[in-house]
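Trainee: just coords:
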């Protein structure tokens, strides 16, 4: 029985100014080579706990109690110099945002080499060779070119692989991964995490994966720690936690995973509400010094029909054109070709006011979709400006009713910044529905929210849809959410629809290879109790 | 807590300035223009709190009268620069494309001149008086406001709440006035307060060069300018107006910061 690699003992972190407890007497341990998941929603203190291990708490937070032992060495007591020697060398960290965690002004190679140069005595040629080997190891196509390239030339998934490569170069004993794939689409998420597991196994590295995604936990982790509001809720093997959670909160988390609703195939007979034929949208190519690159077709010949009251989900990885399709259908982006008919009328050539007033959009990011200088009541009331027949009293009543509808009665005088992400998204939904539109585009409406909040917002959305009967284009890369709300599913890849059909057909009998890959990459919980990934077809 | 003290100090300084300027309109201890050669270059005393200048005029009275002139010039200048700058920058940022390129090309050309130099040229055309001074300085400061406003508008118009406003069916103009401009106010407020300070200094500098408000009417700038030959023998002549300018700048900056925080609902409760 050897001692665990890392033990965290009664860790306590407080906000320096308000003395609010962020992490409250949390204890856990990680064995050598083990894959531990730390699960929790925003505010659970999971990130603070991980950062405390490296002594990298953000300003304003401080550790006020508890011990953190790595290989028997108390990290709280050691000198800053020793801590710097441990960072990278013994404990590596991968961050959530691949877009900002690499320095844009330094080449990939130079950033990878930094760690090696700092912690090991190697010649430049040796460093370069090790970096190239590692880049090849994380399946970067052209390591030599990548080594000299700059971060902006890579997609989020590629950057996260580069990040992973540079951290694993030093063969740390412990890898802290803070929501490493939350910003990535399903396919890249799978690739990055699979690589992480392989590399960790090769080097005997223990992994602490911080996540809110129970699907990932069930697929990759051996043990899990569940945190809530800074307190340890439950710890144990992943199988036990997911199949037989002891605590009410853990059960709530498991239950919050989207499930397929039984009612499906709400296929509405008659003419479609909206029909799209051969829709094309292209963006101007990049302006180079003397020439302009060829236009890029983001949406390339899409045919789609949506019936009144029907929910059609558009799924696909990043860059598949699904967001562009939604924007183009709302006439927010000009179409390069094709036609869009709303109730039989062409809405591309003419500026169809009726269509503008009958269609709405719910955004992905509830933090930037609400004007920070308007009160909640004003935000929800704004669409009613264009309903002139409403008296101001009727308008106030409609707004109050709508706020009640989304569970935020009495919030009219609040400011957006006073609300949580879930509450903001409810406000955004209220704003979209208040004018009783017949068509709503929902662009990843829950992907920025916590799991339990996601479940609530999806339910709310379904209820409102049943009540007001609007048709919905539900754009998402999260197949689990799609499975819950969609009547029909459209799969997009590189600007084209590769498969479409009823939800059950697409999920149970996928025809196209890309659809199968997407489904295989989606981590799901087996409801029979055994945690497992969906077997790829 | 700290910000409340700052607000208080800033507010007190500015209140003192405005009060002084208002008082000077109908009362000063002595006539600021009356020359008394028998009492020239007297050190501060109970009779003349800040002493007298080379013509025996009471420095305190002249400072009070100068406060009014300086405040009027600075306020009017900032008003001109901000209103035209916001208009021009807002149009450039919202319309983008060729409008933006042309406006910004002219703007950057103006920005390339030192503000004082530009004001000098304008003053020579319009003439050295208060109106000329205000127009010249106002024009000189438009480009920096326009730049800041354009940049802010460019970033705000990409925000999703602007797209939301379009989806609602609001016109471009309405979105601009209701959503973009209010959110672009914070940097303009900061710029306007610091500009108030620059204008006070620029007015002093122009007066120093003999292009400000023409003598014998006092401004802090021309008093400072006139004190130069007596710096060693009658230091109070430089110290008094210098101190006035410095304290006013301090007050404006403190007040500007707290004003910006107060304008932002996200900071108001923090």
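Mentor: Received it, and whenever you're ready, just let me know what you need. The structure displayed is predicted, hence computed values, not measured ones.

Trainee: Name the nearest residue to residue A:507, sequence neighbours excluded.
Mentor: residue A:483 (6.1 Å; C-beta to C-beta, 6 or more residues apart in numbering or on different chains). (Each C-beta comes from the backbone N, C-alpha and C, glycine too.)

Trainee: which helices and strands sit right next to whichever strand or helix holds that neighbour?
Mentor: According to DSSP states H and E, residue A:483 maps onto helix A:479-485. In terms of contacts (3 or more C-beta pairs under 8 Å, 6 or more residues apart in numbering or on different chains; DSSP states H and E), helix A:479-485 is packed against strand A:311-315, helix A:451-468, strand A:471-476, helix A:503-508.

Trainee: buried residues in the longest one?
Mentor: Meaning helix A:451-468. A:451-458, A:460-462, A:464-465 (16 or more other C-beta atoms under 10 Å in any protein chain shown).

Trainee: Same list (these) but as a markdown table, adding distance to residue A:153.
Mentor: Below are those laid out as a markdown table (distance: C-beta to C-beta, whole Å):
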| residue | distance to residue A:153 |
| --- | --- |
| A:451 | 34 |
| A:452 | 38 |
| A:453 | 35 |
| A:454 | 33 |
| A:455 | 38 |
| A:456 | 40 |
| A:457 | 36 |
| A:458 | 37 |
| A:460 | 41 |
| A:461 | 38 |
| A:462 | 41 |
| A:464 | 43 |
| A:465 | 42 |
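
Trainee: would you list those residues in CSV and tack on pLDDT and distance to residue A:140?
Mentor: As requested, those are exported to CSV (pLDDT from 0 to 100; distance: C-beta to C-beta, whole Å):
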residue, pLDDT, distance to residue A:140
A:451, 79, 32
A:452, 82, 37
A:453, 84, 36
A:454, 85, 33
A:455, 85, 37
A:456, 86, 40
A:457, 87, 37
A:458, 88, 37
A:460, 89, 42
A:461, 88, 39
A:462, 87, 42
A:464, 90, 45
A:465, 89, 43
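
Trainee: ok, so of those, who is nearest residue B:22?
Mentor: Nearest to residue B:22 among those is residue A:453, at 56.5 Å by C-beta to C-beta.

Trainee: so the closest one makes contact with residue A:426?
Mentor: No - Residue A:453 is beyond contact range of residue A:426, at 9.5 Å (criterion: C-beta atoms under 8 Å).

Trainee: Could you pull up the mean pLDDT of stretch B:71-88?
Mentor: Taken as a whole, stretch B:71-88 has a mean pLDDT of 90.

Trainee: do the same with stretch B:133-148
Mentor: 89.

Trainee: now do stretch A:413-432
Mentor: For stretch A:413-432, the per-residue pLDDT averages 88.

Trainee: Now do the end-to-end distance for that stretch.
Mentor: End-to-end distance for stretch A:413-432: 19 Å, by C-alpha to C-alpha, to the nearest Å.

Trainee: from the chain's centre, how far out does it sit?
Mentor: Chain-centre distance of stretch A:413-432: 19 Å, with C-alpha atoms, centre = their mean, to the nearest Å.

Trainee: list the buried ones in that stretch?
Mentor: For stretch A:413-432, using 16+ other C-beta under 10 Å, the buried residues are A:414-417, A:419, A:421-432.

Trainee: ok, and which of the buried residues of helix A:451-468 reach chain B?
Mentor: Among the buried residues of helix A:451-468, no residue is within reach of chain B (C-beta under 8 Å from any C-beta of the partner chain).

Trainee: Which of these lies at the shortest distance from residue A:301?
Mentor: Nearest to residue A:301, judged by C-beta to C-beta, of the buried residues of helix A:451-468 is residue A:465 at 29.0 Å.

Trainee: With adjacent residues omitted, what lies nearest to that closest one?
Mentor: Nearest to residue A:465 is residue A:472, by C-beta to C-beta, 6+ apart, at 6.2 Å.

Trainee: OK, contacts around the one you found?
Mentor: A:306, A:310-312, A:439-442, A:465, A:485 (C-beta atoms under 8 Å, 6 or more residues apart in numbering or on different chains).

Trainee: closest to chain B among these?
Mentor: Chain B lies nearest to residue A:441 out of the contacts of residue A:472, by C-beta to the nearest C-beta, at 8.7 Å.

Trainee: Could I get the full set of strands for the stretch 251-400 of chain A?
Mentor: Taking DSSP state E, counting those that start in this stretch as the test, the strands found in the stretch 251-400 of chain A are A:274-283, A:296-306, A:311-315, A:337-342, A:345-346, A:359-362.

Trainee: Can you say which of the ones you listed is nearest to residue A:227?
Mentor: So among the strands of the stretch 251-400 of chain A, strand A:359-362 is nearest, using C-beta to C-beta, at 29.8 Å.

Trainee: That closest one near chain B anywhere?
Mentor: Yes - looking at strand A:359-362 against chain B by C-beta under 8 Å from any C-beta, the contacts come from A:359-361.

Trainee: In TSV, list these along with neighbour count.
Mentor: Below are the residues of strand A:359-362 next to chain B laid out as TSV (neighbours: other C-beta atoms under 10 Å in any protein chain shown):
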residue	neighbour count
A:359	28
A:360	28
A:361	27
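
Trainee: what does the stretch 201-350 of chain A have sitting close to chain B?
Mentor: Near chain B, when you scan the stretch 201-350 of chain A using C-beta under 8 Å from any C-beta, you find A:330, A:332.

Trainee: which residues touch the residue of the stretch 301-450 of chain A found nearest chain B?
Mentor: Nearest residue of the stretch 301-450 of chain A to chain B, counting by C-beta to the nearest C-beta: residue A:369, 4.0 Å away. Counting by C-beta under 8 Å, 6+ apart, residue A:369 makes contact with A:363, A:424, A:428, B:160-161, B:163-164.

Trainee: Just give the nearest non-adjacent residue to residue 215, would you?
Mentor: Going with chain A. residue A:523 (3.0 Å).

Trainee: my bad, chain B
Mentor: Counting by C-beta to C-beta, 6+ apart, the residue nearest residue B:215 is residue B:222, at 6.0 Å.
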